[in-house]
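> Quick check, what structure comes out for this input:
(one chain, ligands or ions: 2)
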Amino acid sequence: MTKPSESLPIIDEQKIGAHLKFHGLSGPEIDAELVDIEKSGGLPAEILRWWRGDAHTHSAESTREGFNYPEGLYHYEEILYYYEMLGLDFVCFTEHASLPQSPCVQEPTSAISQSLLEHTKRIHNLRKELSGKYRCLPFAGVEANIMYEGEKPRIDIPDEVLAELDFVIASRHRVPEEKRTELGDIRESLSSAIVNPYVNVIGHPDRDIQTKTEDPRAAEAYWQMWKELLGEMRLKNKAFEINLKAQPDPKLVQMAADMGVKFFLNFDAHEFNQFLNYGDPSSITTEQRKADAQKYAWAAGSADEDDLLGLAIYKKEKLAQGPGVVPILRLAHWIKYLEEIGVQPEQVVNSSRENFLAFLHGNSETQTA
Ligand SMILES: [Zn+2]
Ligand SMILES: [Zn+2]
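Ligands and ions are numbered 1, 2, ... in the order given. Sure, this is the predicted structure:
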């Protein structure tokens, strides 16, 4: 069986370009209109001042053999071209490691470890090839899983592999049932990633662990846990991700901002329509259902030629529609919020490529220290 990413044809750069559009913002009251990216020169300057690169993007490489469902649909080149048109300066391809729903420890020789090393080489070659031609340059990353090995929390990818990558996100996706509710366990699992010298950012830090408690003592303990964790993050120079797909509690973001923790504003793009299905499921069209079935067939390695052709057309159409109004509005909303709580763009690591490179450099010095 070929890898899913290798079975999907790539869209030719010329064929994408002519149709690229995105939902832009036209005024302070934010009503969206469809903007031609090539004509407008990209996203509005007020967004680009805060978001100059995406540091959490999944390419087709994230749809690993054996996952049997899609975690990424586009090739590096397609995403790069698209982000270039948006006016971005960089993108980190942060591919999934082992299966997010049931992570397992990877040896350096495992197929996933080896494919991450291969991914790094390909991205580095692509970066060389594109520099001077593109403003938007690629970086090689991984979204590793915070998991448990027996009683001990760790991440699924070994250090020697992490060391080769440019960028490492550590995220809690699925931890055992008995480790999900106790604050001590939550704290310990996040802390294990914060002290890992190769981790750069904690992905969607409070996803699935927001407490909806009415009990003031439980609430106090919850916020105390975060105060300690954010203190550790500040000390170890680990960034806090504002993930547009799994958005954090604004109160937690304010706490992180006040403590001087750095942020990333990340799309966490798996494909470019990922925000469409979030509303009313009955609004999903027949075409969308068909495309979903084709995506699953592709991910499972059972797509026929018609499926692959259908997917190629689907991908092209979605690219032409742009990121859509939901993610751009979410981005605008978070930028406004960060401004309100006194955050400057410099505190957001991906507000410029220089800022991002300086952050990586700072992190790599602590790895060798
Ligand atoms: Zn994630
Ligand atoms: Zn992700």
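> low-confidence ranges in the stretch 151-300 of the chain?
Counting by pLDDT under 70, the stretch 151-300 of the chain shows low-confidence ranges at 210-212, 273-281.
> Show me which residues of it are close to ligand 1?
With C-beta under 5 Å from the ion as the criterion, the stretch 151-300 of the chain meets ligand 1 at residues 171, 203. Where C-beta positions appear, they are placed from N, C-alpha and C, glycine not excepted.
> If we use 6 Å, what do you get?
With C-beta under 6 Å from the ion as the criterion, the stretch 151-300 of the chain meets ligand 1 at residues 171, 173, 203-204.
> Compute the number of surrounding residues for the residue of the stretch 101-250 of the chain found nearest ligand 1.
Per C-beta to the ion, residue 171 is where the stretch 101-250 of the chain lies closest to ligand 1, at 4.1 Å. Residue 171 has 26 neighbours, counted by other C-beta atoms under 10 Å.
> do the same with the one 10 residues further on
Here the number of neighbours of residue 181 (other C-beta under 10 Å) works out to 10.
> which SS state does the residue in the stretch 101-250 of the chain that ligand 2 sits nearest to fall under?
Closest approach of the stretch 101-250 of the chain to ligand 2 (C-beta to the ion) occurs at residue 143, with a separation of 4.7 Å. The local conformation at residue 143, judged by DSSP: H, G, I helix; E, B strand; the rest coil, is strand.
> Next: residue 2.
Three-state assignment for residue 2 (three-state DSSP): coil.
> Let me see the contact set for it.
Residues near residue 2 by C-beta atoms under 8 Å, 6 or more residues apart in numbering: residue 301.
> quick thing: my sequence starts at 15, can you match it?
Let's use 15 as the start, then, which means that last one is residue 16.
> how far away is it from ligand 1?
For residue 16, the distance to ligand 1 (C-beta to the ion, to the nearest Å) stands at 26 Å.
> Which strand residues bridge the residue of the stretch 115-264 of the chain closest to ligand 2?
Beta-bridge partners recorded for residue 157 (DSSP bridges): residue 110, residue 183.
> Now do it, the pLDDT please.
Listed pLDDT for residue 157 reads 98.
> So what does residue 255 look like in phi/psi?
The phi/psi pair for residue 255 (degrees, to the nearest 10) reads phi -90, psi 130.
> Bridge partners for it, pull those for me.
Beta-bridge partners for residue 255, by DSSP bridges, are residue 278.
> surely it meets residue 213?
No - counting by C-beta atoms under 8 Å, residue 255 sits too far from residue 213 to count as a contact (11.5 Å).
> circling back: looks like the residue of the stretch 115-264 of the chain closest to ligand 2 contacts residue 111 (just checking).
Yes - in this structure residue 157 lies within contact range of residue 111 using C-beta under 8 Å: 6.8 Å.
> Between the two, tell me which one has more neighbours.
residue 111 (31 against 27).
> about what we covered before: residues in contact with the residue of the stretch 115-264 of the chain closest to ligand 2?
Listed by C-beta under 8 Å, 6+ apart, the contact partners of residue 157 are 70, 72, 76, 108-111, 183-185, 217.
> at 7 Å what do you get?
Going by C-beta atoms under 7 Å, 6 or more residues apart in numbering, residue 157 touches 70, 108-111, 183, 185, 217.
> Equivalent analysis for residue 88, please.
Shown in contact with residue 88 (C-beta under 7 Å, 6+ apart): 73-74, 285, 329.
> Repeat the analysis, applying 10 Å as the threshold.
19, 22, 24-25, 71-75, 94-96, 283-286, 329, 332-333 (C-beta atoms under 10 Å, 6 or more residues apart in numbering).
> Intersect those with the contacts of ligand 2.
residue 72.
> Which of the contacts of residue 88 fall within helices?
19, 94-96, 329, 332-333 (DSSP state H).
> pLDDT and neighbour count for those residues - can I get that in TSV?
Output for those, formatted as TSV (pLDDT from 0 to 100; neighbours: other C-beta atoms under 10 Å):
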residue	pLDDT	neighbour count
19	83	22
94	91	25
95	86	22
96	85	24
329	86	25
332	79	19
333	77	25
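> can you put those residues in TSV and add distance to residue 296?
Shown next, in TSV, are these (distance: C-beta to C-beta, whole Å):
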residue	distance to residue 296
19	32
94	36
95	34
96	30
329	25
332	21
333	26
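> could I get these as JSON lines with distance to ligand 1?
Formatted as JSON lines, the ones in helices among the contacts of residue 88 follow (distance: C-beta to the ion, whole Å):
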{"residue": "19", "distance to ligand 1": "19"}
{"residue": "94", "distance to ligand 1": "21"}
{"residue": "95", "distance to ligand 1": "24"}
{"residue": "96", "distance to ligand 1": "21"}
{"residue": "329", "distance to ligand 1": "22"}
{"residue": "332", "distance to ligand 1": "21"}
{"residue": "333", "distance to ligand 1": "23"}
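> Which of those sits closest to ligand 2?
Nearest to ligand 2, judged by C-beta to the ion, of those is residue 19 at 16.2 Å.
> Find the nearest non-adjacent residue to that closest one, please.
In space, and not counting its chain neighbours, residue 19 is closest to residue 74: 3.9 Å by C-beta to C-beta, 6 or more residues apart in numbering.
> So for the one you found, what's the pLDDT?
Residue 74 is assigned a predicted lDDT (pLDDT) of 94.
> Ligand 2 contacts on the stretch 115-264 of the chain?
Counting by C-beta under 6 Å from the ion, the stretch 115-264 of the chain sits next to ligand 2 at residue 157.
> Quick one: the helices in the stretch 115-264 of the chain, in order.
For the stretch 115-264 of the chain, the helices defined by DSSP state H, counting those that start in this stretch occupy 125-144, 173-176, 197-208, 230-250, 264-272.
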